[in-house]
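S.K.: let me see the structure of the following:
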Amino acid sequence: MQGLIRPEKANGTLQMRKDRIMRKYQMQICVIAAVALLGTAAFCGFRIYHHYAQREKQTEVFKQMAELVENAPEESPKEDTPVSEGEDVLEKYKELYLQNEDMVGWLSIDGTEINYPVMQTPNNPNFYLKHNFEKEYSDLGTPWCGIKKVDSLFSRIS
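M.R.: Model prediction:
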């Protein structure tokens, strides 16, 4: 009876095979999870880098725009003439207005870093929620006015 396998030995071998197969699947699952985790970390790192790079670029653009407005020639009340017919744009905002006619005002608060253009598109009020001054997509957006129509906002700015 040497050719017969004892039942307890056969069960032990079968259990060892099952353990090896389980370890193999566990290893595959761990590798897949590690790759997914590294991919997610890389994606998040890229998005964070992109956000800060975009923020830095937009901050620089706003500073340049503020310098244009601040360095505009001083005007007396008699010289407040519209840039173009039908538009109430003051002379100091002329250059920016000619770059983007969606500009309806300027927001500046003394003692803070707030010094931005205010944008508006009558047909798409939320356009600048996700676009910059150059009308390019931006997660940061640009200060915008969601009112359907703003009349003579520039003439009220001092």
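S.K.: next SSE after the helix or strand encompassing residue 46?
M.R.: Element membership for residue 46 (DSSP states H and E) is helix 7-70. Using DSSP H and E, the helix or strand that follows helix 7-70 in sequence is helix 94-99.
S.K.: show me which parts of that following helix are buried, residue by residue.
M.R.: Neighbour-count burial for helix 94-99, counted by 16 or more other C-beta atoms under 10 Å, picks out 94, 96-97. Where you see a C-beta, it was placed from the backbone N, CA and C, and this is true even at glycine.
S.K.: please name every helix or strand in contact with that helix.
M.R.: In this structure, helix 94-99 makes packing contacts with helix 7-70, judged by 3 or more C-beta pairs under 8 Å, 6 or more residues apart in numbering; DSSP states H and E.
S.K.: nearest the geometric middle of this protein, what residue?
M.R.: The centre of the chain sits closest to residue 139, judged by C-alpha atoms, centre = their mean, with a distance of 1.7 Å.
S.K.: just to be sure, it is in a helix?
M.R.: No: read with DSSP: H, G, I helix; E, B strand; the rest coil, residue 139 is coil and lies in no helix.
S.K.: how close does it get to residue 55?
M.R.: Using C-beta to C-beta, to the nearest Å, residue 139 is found at 9 Å from residue 55.
S.K.: residue 31 too?
M.R.: Taking C-beta to C-beta as the measure, residue 31 falls 36 Å from residue 55.
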